[in-house]
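S.K.: Dropping a prediction and its sequence here:
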Amino acid sequence: MSKSYFDETHTAIGHPKSTFMQWMLTIDHKRIGLMYAAVMFAFFFVAVATAFLMRLELFAPGGQFIDGDTFNQAFTLHGVIMIFLFIVPGIPAVLGNIVMPLMIGAKDVSFPRLNWFTFWLYILGCIIALASLFTDAGFADTGWTFYAPYSITTDTNVVFTLVAAFVLGMASILTGLNFLVTIHRLRAPGMTFWKMPLFVWGIYATAWIQLLATPVVGITLILAIMEKYFGIGIFDPAKGGDPVLFEHLFWIYSHPAVYLMILPAFGVMSEIIPTFSRREVFGYRAIALSSASIAGIGYLVWGHHLYTSGMADIAKTIFSFLTFFVAIPTGIKFYDWIATMYKGKIILSTPMLWALGTIITFTIGGLTGVTIAMIGVDIHLQDTYYTVAHFHYAMLGGVVFLFFAGLHYWFPLVTGKMYNETHAKRAFYLQFVGFNLLWFPMFIAGYYGMPRRYFDYLPEFQIYHQVSFVGAVLFIAGLIYMFIVFFKGWKSGNPSGPNPWNATTLEWHMPSSPPPLENHSKVPYVDFNPYEYHHGEPVVKFDYATMKRID
Amino acid sequence: MSHEYVPEIAVDREGNEYKVQGWQDDFYGGKLGFWLFMFTEVLMFGAMFMALAYYNHLHPQEFIEASASLNRLLGGINTVILLVSALTMGLSLLKMRAGDVKGSKLMIWATIVLALAFLGIKAVEWTAEYNHGIFLMHGEMLPESGMSFGKKLFFGMYFTMTGIHGFHIIIGIGIMLWLLKRINAGKVRPDHHILHWNIALYWDIVHLIWVFVFPYYYMIGAGGATGGH
Amino acid sequence: MDTNIVDYKKERLVYYKVLVGLLLLTAVTFIQPHLFMEESTFMAQMLIALIKAWLIIMYYMHLKGDTLIGTMGIFSLIIVATFFIIVIGFDVANFQFGDESYITGPTSAGVESAAPTHH
Amino acid sequence: MDVNNTLQGFNTMAATFAADVDQAFWINFWISVVLGLSVIIPMFYFAWKYRASNVKNEDIKNITHNTPLEIAWTLIPTALLMVLFYYGYSSMKTLRTMPAESESIVVKVEGSKWKWRYEYPPNKNGFVHKLGGAYTKPILDENGKMIKKGTMGKSALYVPVDTNIILHMTAPVDDVIHAFFVPAFRMKEDVVPGRLTKQWFRADKVGEYEVECAEYCGTDHAYMYSRIVVLPKEKYEEWFQGTADTPEGDYANSGDALLQQHGCKSCHAVTEDKMLIGPTLKTRRLTKEQVLEVIHNGQDKLGYPMGAMPAGLATGKDAEEIAAFVAGGMKGEKPASFAACSSCHGEDGKGMGGVSPSLVHYDTNLLRNVFKHGKKGMIGTMPAYPYITDEEVEAIATYLDSLK
Ligand code: HEA
Ligand code: HEA
Ligand code: CUA
Ligand SMILES: [Cu+2]
């Protein structure tokens, strides 16, 4: 057996003997990616638990289990963990770290030590965020949006959360920076930008958003902290500040952030669809460029969160107009994926099921996004459950679903083992049904005027919340099921071999499985497109000892 | 398990050879990374400038009056100090690249001295303002004082932004000292000076920011309290 | 990329020349209010700052000739500029009901802004 | 009239522009259905048609371009999106274009933690109607089953039918953002402290419509309801020109009702010893720690003529004892060390006639002060109520007194 990255590693300092320290100090991108996954997964259950608590509370009108303040802290905790700890770092830090260098034929990212540092910065941020749970004042109760002046005047421990979000933002910036340099500098010879796999394009566009949007929210949080401690009235109306400025600054980051979440997820989709259709992707350049243009246009539309904030009507109109243009490149992507299935050979393995499921759910999420992009309609729907359902369809039914697709897809690459397909598919169906039951009724409730962040509601809405509760139970059951499948697969799955899916991109051309420490035995010369199939078989073949093409 | 760079060659089907870029010893990559970092600084200050412009737009007259009350002479001296320090830092890098390690170190020391002078003058300025009752959580800036919103916001942003800028100067001094240590340890050499290069870049961005901070705070009111906007 | 081999004398001269330019421009900022664009000190000052920034970036930060980083820089600046155009140019410039709002402060509306008494 | 509590939400349309919003929504809905199906139907069809068992490897085709199709799926959605933009924009225009104030009734709206208040223009006798208040939360039994529905009581925004109403909305500067949301009218706009925002509507159906707060504002965000009651014109006119509080009779002026109306009850428990956001109002009971804090550090918040209470009057064990005693409602054996307090607060702790506060219960002076200036303390900030009248203060004080 050749040695894999589980057996040996490079470390940031020294040459520790113990396995534990080797993991803690590792600078290997694959190990760091795995550690991110482990940590996220742990926090994740905290957020899922709070989500479940909220659904339980909302099961019937009236205060059942928790009071208003606890509920307010619950959705803040849920939002903060889901956004800052989980979904923003999510796909880039886990899949991007593990797969992206392999895909471009690099031995590691450009700054492996920085990558290590970033990971620990991320952990620090997580600790700060959760630490306030154990302080007297308690976790922040502002919602993940921290709107001033509420966040300035509330007595809960907002400062911890703000600092945590800042630290996590730094980590996000550094990840993006690292990836940008990696993609620019470390592509294997011959691999031009137009020969990069589409996942790398997704990561590339994402990295730009991480780099150029995150600082804005970083400084906004700093200003809010300054305001709390030094009494500068930047956002506090009592001192002449304007709360709407805070909303601007917050959404200048947080809107691009939603594309930061979805673009790498779209990248995952673009890998899975051609592989399981056994043919070349339709419209490679269109998909690649649409990632870039979503990222670009995404900077210009933040104001659609401010339609009812008191912003000038002319600004609303401009923002509304621009918002629609994000839907066009997204649509192009979707049609390209569907066209890729045309005259292919569709293999419905679990990753493909997740991908196709996402096409349905994200389409609903995206199209309802278009509804609320219409100003007049959003004036009614803003801050109702319609919006909540929109973003859960986009984030959970888009990003998280594709994250799961990616986890299934690259599971054999990372572990060298295969999970049980039958069980994995069952887990998918359970979650897919549960998810739609969970969130679809919320569109209707929102449409009838059910505002969000309400811990108690008028009896008229009860039926929707109850259906939704049933969905949540199914969904979470499916979730647990899926993780059991993963766990079993890792422990006792069959060896998968380096390329179980018959895929074409470079990460599947490994000399051994799981991959060795420094990835490819030698760096290949890339003179081929990422998805070259001929009659359903990968065209490019390598001699793994020399990494020379032998087809 | 060392991770030294082993030069590698990729070979295409015709047998042509291509040099592979490793992550180790990637001078341009290091520089690119640092530039990207500087873009984040630009966005950070950009956002603060936007907040400033926002309130400037709401209170144009008060901004001009408040600006007129700042000490332009001290601000100007600080500008000159920073510009000269940019020169000394640039020269130190130049000397390093040309092989004159000793001269390079001398120039770094000169930069540090200039940076300290900048901070000193800043301290004098802030003290004077404090004595005039203008400081965070103090005197005229307290909520109950009668100073107009526009001025409060101007001074609030002034202390925030010059404060954060000053913080960058302090960090700059810190990393220059670290650089000296690395030079003495032989880790930064004429043939391996990416750290030196990036710290020089850092120092440049610090006064690049000052180039905008200075006129926005000190000069917009220079045309007199009625000066245009 | 041999960044080592430098013509020390020649490059040093560039540094000095640029410094002189920067100092001159600094001097100009001080006399500008009495010299030109008296109506718009703000614009004039920012214009000078832009020239200074350009000198620093090109010569001190050695961006001259580096198209990759240069393009990225311009991209970042365009983004910042867009924020300004939208927020300042469209939203604040059309600030709604400012005259009746508290935060715009009664004094900033009119001429008597010198009087520090309000609220 | 007790305002009933069924939501007249999106399924009723009661303002003139609601139809525009609905039209925009449904146009969007059908276009979305078409666009969504244009993706989902081919997906299912291809997944079935080209299923693995049905395709021979040789039949796979690597089609990567089809210019006409690509142009079509770029331009057609773009065109449809522009249609949507137009309807979104035009419905926003009708929502946001205020009618002339001369042809409308301008009502001032103030949203604050957690109540809505309305102020009308003076009527022909110069009388100014001020109404509004907090929502009475539903009462639940211990299993969470509702015994009594929540209600707005009599407070509501009363408006005539078929008339333009313009709302000038704001929040107190030390408050937070709220949003005035009327689902049946399809309208919503934030109420921003420090800013003035406006909305207008013209109700075209007599009836009662729910107002909800749609911007998160803290503890009782979920109970920040109000109500719009649309009256026939004559009925409105009759009420408006009079001085009665509401068209259906006056507000109850009992202390309890006042506490409810002004929203005290969202922060203070009244009949039981429970700490909500502020201290209970039943007895002037502070927790032991708070009393200790006052003993150690003094307090100058209540605005008594005597000024500050000095710090450090008692220390150590003595302080502990006093604190326990005071926090316990001055019951049980009085500790000897209480002597340190009695010089100001009296032997019985009941304070000295408006000079120093009673430690046992509230007096009118204290209330008046707290209402005028609010009170920032260890627990949090109690907002000011400058508009509460003297009679009302009196009524509240008497009521609180009677609770002991
Ligand atoms: C992954 C995250 C994600 C993604 C990808 C999106 C995508 C989009 N979002 Fe969403 N959004 C959020 C996460 C996301 N959103 C969150 C978290 C919030 C609320 C935050 C908070 O307040 O807490 C929010 C809120 C939000 C609002 C504000 C609502 C309010 O508060 O009033 C708006 C308004 O315009 C909006 C619009 C859109 C649009 C137009 C898109 C578009 O990008 C969608 C594009 C996709 C499609 C259109 C579908 C696929 C395309 C086709 C099938 C082709 C054919 C169709 C057409 C051409 C139309 N979103
Ligand atoms: C990523 C984003 C995300 C995800 C996945 C979810 C998932 C869920 N959310 Fe969501 N939610 C938000 C982001 C998210 N949420 C945000 C931003 C808000 C707004 C907060 C605010 O108002 O401030 C919100 C608000 C919100 C509300 C509204 C509260 C209110 O306004 O009153 C509710 C109510 O039921 C709710 C419920 C749920 C439920 C039942 C799930 C369930 O679907 C949860 C089930 C769990 C999963 C689907 C996660 C599975 C993933 C893993 C286990 C990861 C594994 C990781 C690795 C292996 C690396 N959420
Ligand atoms: Cu007021 Cu929510
Ligand atoms: Cu958005």
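M.R.: Sure thing, it's come through. Numbers count the residues shown, from 1 in each chain, chains lettered A, B, ... in the order given. Ligands and ions are numbered 1, 2, ... in the order given.
S.K.: Am I right that A:Glu460 is in contact with A:Ile444?
M.R.: No. A:Glu460 is not in contact with A:Ile444 according to CB atoms under 8 Å; the separation is 11.4 Å. Backbone N, C-alpha and C define where each C-beta goes, glycine included.
S.K.: show me where chain A has strands.
M.R.: All strands of chain A, identified by DSSP state E, fall at A:417-418, A:494-495, A:533-534, A:537-538, A:542-543, A:548-549.
S.K.: near chain B at all, the fifth one?
M.R.: Just to be clear, that refers to strand A:542-543. No. Contact of strand A:542-543 with chain B (CB under 8 Å from any CB of the partner chain) is absent, the minimum separation being 11.2 Å.
S.K.: from the strands of chain A, which stretch is densest packed?
M.R.: Compared across the strands of chain A, strand A:533-534 shows the largest average neighbour count, a mean of 20 (mean count of other CB atoms under 10 Å in any protein chain shown).
S.K.: So which other helices or strands are in contact with that one?
M.R.: For strand A:533-534, not one helix or strand is in contact under the criterion 3 or more CB pairs under 8 Å, 6 or more residues apart in numbering or on different chains; DSSP states H and E.
S.K.: Just the residues contacting it, thanks.
M.R.: A:274, A:278-280, A:504, A:539, D:60, D:62 (CB atoms under 8 Å, 6 or more residues apart in numbering or on different chains).
S.K.: what's the closest non-adjacent residue to the closest residue to chain B within the stretch 51-200 of chain A?
M.R.: Residue nearest to chain B within the stretch 51-200 of chain A (CB to the nearest CB): A:Pro189, separated by 3.5 Å. Leaving aside its sequence neighbours, A:Pro189 sits nearest to B:Tyr18 (CB to CB, 6 or more residues apart in numbering or on different chains; 3.5 Å).
S.K.: Ok, B:Leu93 next?
M.R.: B:Ala200 (4.5 Å).
S.K.: What of C:Met43?
M.R.: C:Met37 (6.4 Å).
S.K.: Give me the pLDDT for the residue of the stretch 251-400 of chain D found nearest ligand 2.
M.R.: Proximity of the stretch 251-400 of chain D to ligand 2 (CB to the nearest ligand atom) peaks at D:Ser266, 18.6 Å away. Note on D:Ser266: pLDDT of 75.
S.K.: now do the one 5 residues further on
M.R.: Note on D:Thr271: pLDDT of 72.
S.K.: And the one 4 residues further on, by the same measure?
M.R.: For D:Met275, the pLDDT comes out at 70.
S.K.: Work out for me the element it sits within.
M.R.: Assessed by DSSP states H and E, D:Met275 sits outside every helix and strand.
S.K.: In which helix or strand does the residue in the stretch 51-200 of chain D that ligand 1 sits nearest to reside?
M.R.: Residue nearest to ligand 1 within the stretch 51-200 of chain D (CB to the nearest ligand atom): D:Pro77, separated by 3.1 Å. According to DSSP H and E, D:Pro77 maps onto helix D:67-96.
S.K.: how about that helix, does it get close to chain C?
M.R.: No. Figure legend: helix D:67-96 not in contact with chain C (CB under 8 Å from any CB); closest approach 9.7 Å.
S.K.: And stretch D:190-200, by the same measure?
M.R.: Yes. Applying CB under 8 Å from any CB, one finds stretch D:190-200 in contact with chain C at D:193-198.
S.K.: dump the residue contacts of A:Tyr253.
M.R.: A:213-214, A:216-217, A:220 are the contacts of A:Tyr253 under CB under 8 Å, 6+ apart.
S.K.: between the residues you listed, which is nearest A:Ala137?
M.R.: Nearest to A:Ala137, judged by CB to CB, of the contacts of A:Tyr253 is A:Thr220 at 21.7 Å.
S.K.: so the closest one sits right up against A:Leu249, yeah?
M.R.: Yes. Counting by CB under 8 Å, A:Thr220 touches A:Leu249, with 4.1 Å between them.
S.K.: Residues that sit against both of those two, list them.
M.R.: Shared contacts of A:Thr220 and A:Leu249, defined by CB under 8 Å, 6+ apart, comprise B:Ala47.
S.K.: okay, those two: which has more neighbours?
M.R.: Higher neighbour count among A:Thr220 and A:Leu249: A:Thr220, with 32 against 28, using other CB atoms under 10 Å in any protein chain shown.
S.K.: And the more buried one, how far from ligand 1?
M.R.: 16 Å (CB to the nearest ligand atom, to the nearest Å).
S.K.: Show the pLDDT at that residue.
M.R.: At A:Thr220, pLDDT is 90.
S.K.: One more: A:Leu381?
M.R.: 92.
S.K.: for it, what are its contacts?
M.R.: A:371-372, A:387, A:446-447.
S.K.: before we move on, what about D:Leu292?
M.R.: D:319-320, D:323.
S.K.: So which of those residues is the closest to ligand 3?
M.R.: Taking CB to the nearest ligand atom as the measure, ligand 3 lies nearest D:Ala323 of those, at 36.0 Å.
S.K.: Was I right to think that closest one contacts D:Ile295?
M.R.: Yes. Assessed by CB under 8 Å, D:Ala323 is found in contact with D:Ile295 at 6.4 Å.
S.K.: Of the contacts of D:Leu292, which is the most crowded?
M.R.: D:Ala323 (23 neighbours).
S.K.: tally of neighbours for D:Glu333?
M.R.: 8.
S.K.: Am I right that it is in a strand?
M.R.: No. Applying DSSP: H, G, I helix; E, B strand; the rest coil, one finds D:Glu333 to be coil, outside a strand.
S.K.: now the longest helix along chain C: how far from the chain's centre is it?
M.R.: Scanning chain C for the helix with the most residues, using DSSP state H, yields helix C:8-35. Chain-centre distance of helix C:8-35: 16 Å, with CA atoms, centre = their mean, to the nearest Å.
S.K.: Just give the nearest non-adjacent residue to A:Gly14, would you?
M.R.: Using CB to CB, 6+ apart, the nearest residue to A:Gly14 is A:Leu25, at 7.3 Å.
S.K.: right, and the one you found touches A:His15 too?
M.R.: No. Using CB under 8 Å, A:Leu25 is not in contact with A:His15, being 9.4 Å away.
S.K.: quick one: which of those two has more around it?
M.R.: Taking neighbours as other CB under 10 Å, A:Leu25 and A:His15 compare with A:Leu25 leading, 18 against 11.
S.K.: before we move on, back to that, tell me how many other residues crowd the residue nearest to B:Leu93.
M.R.: When neighbours are counted by other CB under 10 Å, B:Ala200 comes out with 26.
S.K.: Buried residues of the host helix or strand of it, list them for me.
M.R.: Secondary structure from DSSP H and E places B:Ala200 in helix B:194-214. For helix B:194-214, burial by neighbour count (16 or more other CB atoms under 10 Å in any protein chain shown) applies to B:194-214.
S.K.: what about the residue of the stretch 51-200 of chain D closest to ligand 1, how many neighbours?
M.R.: 22.
S.K.: Relative to A:Met341, how far out is the nearest residue to it once chain neighbours are set aside?
M.R.: The spatial neighbour of D:Pro77 that comes closest, neighbours along the chain excluded (CB to CB, 6+ apart), is A:Gly331 at 4.9 Å. Taking CB to CB, to the nearest Å as the measure, A:Gly331 falls 16 Å from A:Met341.
S.K.: Also A:Ile173?
M.R.: For A:Ile173 relative to A:Met341 (CB to CB), the value is 37 Å.
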